[in-house]
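Colleague: Need the 3D shape of this:
(4 chains)
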2 protein chains.
Amino acid sequence: MSAIADVARLAGVAKATASRALSGRGYVSTETRAKVIAAARQIGYVASPNAASLVTGRTQSVGVIIPYISRWFFGEVLESLELALLEHGYDMTLYNLPPASPERDRVFEFFLARKRFDGIISVCVALSEQEVDQLHRLRRPLVGIGGPIRGVPTIEIDDVAAARLATEHLLSLGHRDIVHVGGSQADEMDFQVHSNRLRGFEAAMTAAGLSASGCFYASEFTMPGGYARGLALLGDPRRRPTAIFAASDEIAFGLILAARELGIRVPTELSVIGIDGHPHSEMFRLTTLAQHPRTQGQLAVRTLLDGLASGSSVGVSAVLPTSLVIRSSTSAPRVLRALKAE
Amino acid sequence: MSAIADVARLAGVAKATASRALSGRGYVSTETRAKVIAAARQIGYVASPNAASLVTGRTQSVGVIIPYISRWFFGEVLESLELALLEHGYDMTLYNLPPASPERDRVFEFFLARKRFDGIISVCVALSEQEVDQLHRLRRPLVGIGGPIRGVPTIEIDDVAAARLATEHLLSLGHRDIVHVGGSQADEMDFQVHSNRLRGFEAAMTAAGLSASGCFYASEFTMPGGYARGLALLGDPRRRPTAIFAASDEIAFGLILAARELGIRVPTELSVIGIDGHPHSEMFRLTTLAQHPRTQGQLAVRTLLDGLASGSSVGVSAVLPTSLVIRSSTSAPRVLRALKAE
DNA sequence: GGATATCATGGAACCGATTCCATGCCTGGC
DNA sequence: GCCAGGCATGGAATCGGTTCCATGATATCC
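Modeller: Okay, the predicted model is just below:
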């Protein structure tokens, strides 16, 4: 329970000098600094961040708002955020805010409005203009991950482009009968991830001269979701597509398992492509459009801390690239290969 | 940026009265309270928790130390912790501390020692006596999840018993040739989860008059880990067991997939049982010993807040029950069924 | 009706740092 | 030798609350 006054007394200096010696700001002679540091160590002094933030206004802590914790993308982002923040000496305070959470207003009014953070990172939680204004008024920089927020720098991937690329990969293999299994708009998160991926799919299909209508099937954004959808979709051999573009790798895993269960060979009879770059995709030999959540997290932290240093400048948004990782869940459709063989 | 002094001035009372009116402590007349509350609302006053904690010593915030974020068990625990803490008006500050992390000392010296928390919850991170003492000296209550810490209340399941129950389930079906696939002691987390589950397995085998030696195979604690181990283990038909006890559901999923890939029918030719109660276990029709991480999280929060209220009393540890959920990944071994059929 | 308990309020101290300002010393330049 | 300026230090104010203590006004009880 030692305070800086104790350190000062022990070192035989004034509080002010002790503070300067320990923080490194202002003039202190080398020997005095050494004395103070020795005294601090001797009594195990640790500065009280509360007292410090009271006067400086900085808390050395960042708030993170996130809708899920245990889903892959979010877990990865979270881990990278925590690591990057820790490196820069910041604490991370976590608010789990599922879509349509009844806690949402509580969190905003009760927690975020208190001046506990130097900044906030919002992962796939859209903030209303009012909420953004509120934070700006507190002069707290704000960075988004996963979707655009008006007037706020955001780190994201281009979901439309990623979906288009994935679909184009299937098209380039010769598939014409392609289905998209993705999240429904109903349980969409704040950002338009689901509908953006659908739009990218439709764009690619239309550009290839194909109709996309009736080619979308909704699913939970999970492996069991994809599995259930797969069983229903692939059960009828006559209506079976030759390829599926899944909006996430986990959906794709479920689809592959459903196909196996129905005796449909992947990729011979059915090609499947996902989006994510999930670590399990290697095991499932899934072709996927990898995004890089850890990079997104690191960049978000850097952007936030830059904004913090430069005094709430606006900061710059970034659209991070995705990369097509081709494995063996995709190939030319059987008909085509039969033709080629002739 | 309004302070309580502004509220007091506007309401025409002293700071002390305004503070009492807003916090609800001490005597304030009904009308004065109404005036103060109205004034506070009018200028959008939000109390500074820093200033408050400076004098009360309470921060209304809890630190959580956890080795993983995205693994199922940990994600579940985390979500339940956050929810329960939020309900009681506490913030949750997260420290991700993988086993053998180089950040560990930094986290302890630099972050935890600062008086930023009213208490700490350690999820599967064992604390050294020194670390525990340090926290006790700061009079900060401490609760563990997932394993015993000397002198600290802990919420856990009985890993030995759970493993024994799982193995006994296989034995009771008539299996004699049983293998355990679990985590290696090398990459064990702080608590003895891996070796405890192995011990439970050995205990059950020995009690049934069987030898357990040579029946353990190490695997990463993930689905790909189980998959890789499954391919290697089940490849040779002559050395194939009739049943596998997997130390986690995710390992079990991998094993099941490997079996399917090798054309081994589950459960006809191979029974598989796991531990966890993972949400995907239903999809894999996996028989499992379900533990309940959310309950563990809730109980940990309750224990911590009790300790907080009663002033660092010791609190009581709890061993939570597991439940056997029987699905169709386990059945009597084929030989036995053939005999019965005669 | 006077002593006592209860309620209501204000003034001031305090939590533990940072930082502004004043003071004094020493050095160097002219 | 004197003055300017850089360096080193201490005193005191400050951040924004909570709480102790004193004071006064009512209500209660014998």
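Colleague: Which residue lies nearest the spatial centre of chain A?
Modeller: Among the residues of chain A, A:Val77 comes closest to the average C-alpha position under C-alpha atoms, centre = their mean, at 4.7 Å.
Colleague: contacting residues around A:Leu257?
Modeller: Listed by C-beta atoms under 8 Å, 6 or more residues apart in numbering or on different chains, the contact set of A:Leu257 reads A:223, A:227, A:230, B:257, B:283. C-beta coordinates here come from the backbone N, C-alpha and C atoms, glycine included.
Colleague: out of those, what pair is the most spread apart?
Modeller: The span of the contacts of A:Leu257, defined through C-beta to C-beta, is set by A:Gly230 and B:Leu257 at 15.1 Å.
Colleague: pretty sure A:Arg164 contacts A:Gly200?
Modeller: Yes: counting by C-beta atoms under 8 Å, A:Gly200 is a contact partner of A:Arg164 at 4.0 Å.
Colleague: residue boundaries of the strands in the stretch 151-300 of chain A?
Modeller: Secondary structure of the stretch 151-300 of chain A (DSSP state E, counting those that start in this stretch): strands at A:154-157, A:178-182, A:216-218, A:243-246, A:271-276, A:287-290.
Colleague: Can you tell me which of these is nearest to DNA strand D?
Modeller: Proximity to DNA strand D (C-beta to the nearest atom of the strand) singles out strand A:154-157 among the strands of the stretch 151-300 of chain A, at 30.4 Å.
Colleague: partners of the closest one in the sheet?
Modeller: Strands adjacent to strand A:154-157 in the sheet, as given by DSSP bridges, are strand A:142-145 (parallel), strand A:318-320 (parallel).
Colleague: Dump the longest one to PDB, restricted to CA.
Modeller: This means strand A:142-145. In PDB, the C-alpha atoms belonging to strand A:142-145 read as follows (Å, rounded to 0.1, in the frame of the first residue of the first chain):
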ATOM      1  CA  LEU A 142     -12.700   4.900 -32.000                       C
ATOM      2  CA  VAL A 143     -11.700   2.200 -34.500                       C
ATOM      3  CA  GLY A 144     -14.000  -0.300 -36.100                       C
ATOM      4  CA  ILE A 145     -13.200  -3.800 -37.400                       C
END
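Colleague: And DNA strand D, is the strand or helix carrying A:His136 touching that?
Modeller: Take DSSP states H and E as the rule and A:His136 turns out to sit in helix A:129-137. No: contact between helix A:129-137 and DNA strand D, assessed by C-beta under 7 Å from any atom of the strand, is absent, since the two come no nearer than 14.1 Å.
Colleague: what is the mean pLDDT for that helix?
Modeller: Within the predicted structure, the mean pLDDT of helix A:129-137 is 82.
Colleague: go on, stretch A:173-183?
Modeller: On average, the pLDDT along stretch A:173-183 is 96.
Colleague: Name the residues that touch it?
Modeller: The set of residues external to stretch A:173-183 that reach it, using C-beta under 8 Å, 6+ apart, is A:163, A:167, A:170-171, A:193-194, A:197-198, A:201, A:205, A:210, A:212, A:215-221, A:226, A:229-230, A:233, A:241-248, A:251, A:255, A:271, A:330-333, A:336.
Colleague: Among the residues you listed, filter down to the buried ones and hand me the PyMOL syntax, if you would.
Modeller: Once 16 or more other C-beta atoms under 10 Å in any protein chain shown is used to decide burial, the buried members of those can be selected in PyMOL as follows:
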select buried, chain A and resi 163+167+170+171+193+194+197+198+201+205+210+212+215+216+217+218+219+220+221+226+229+230+233+241+242+243+244+245+246+247+248+251+255+271+330+331+332+333
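Colleague: Which pLDDT does the model give A:Val316?
Modeller: Taken from the predicted model, the pLDDT recorded for A:Val316 is 87.
Colleague: got a list of what the residue lying closest to it once chain neighbours are set aside touches?
Modeller: The spatially closest residue to A:Val316, leaving aside those adjacent along the chain, is A:Pro153, at 5.8 Å (C-beta to C-beta, 6 or more residues apart in numbering or on different chains). The neighbours of A:Pro153, taking C-beta under 8 Å, 6+ apart as the test, are A:143-144, A:303, A:307, A:314-318.
Colleague: could you redo the last one with a cut-off of 7 Å?
Modeller: A:Pro153 makes contacts with A:143, A:303, A:314-317, as judged by C-beta atoms under 7 Å, 6 or more residues apart in numbering or on different chains.
Colleague: low pLDDT regions in the stretch 51-200 of chain A?
Modeller: Counting by pLDDT under 70, the stretch 51-200 of chain A contains low-confidence residues at A:187-189.
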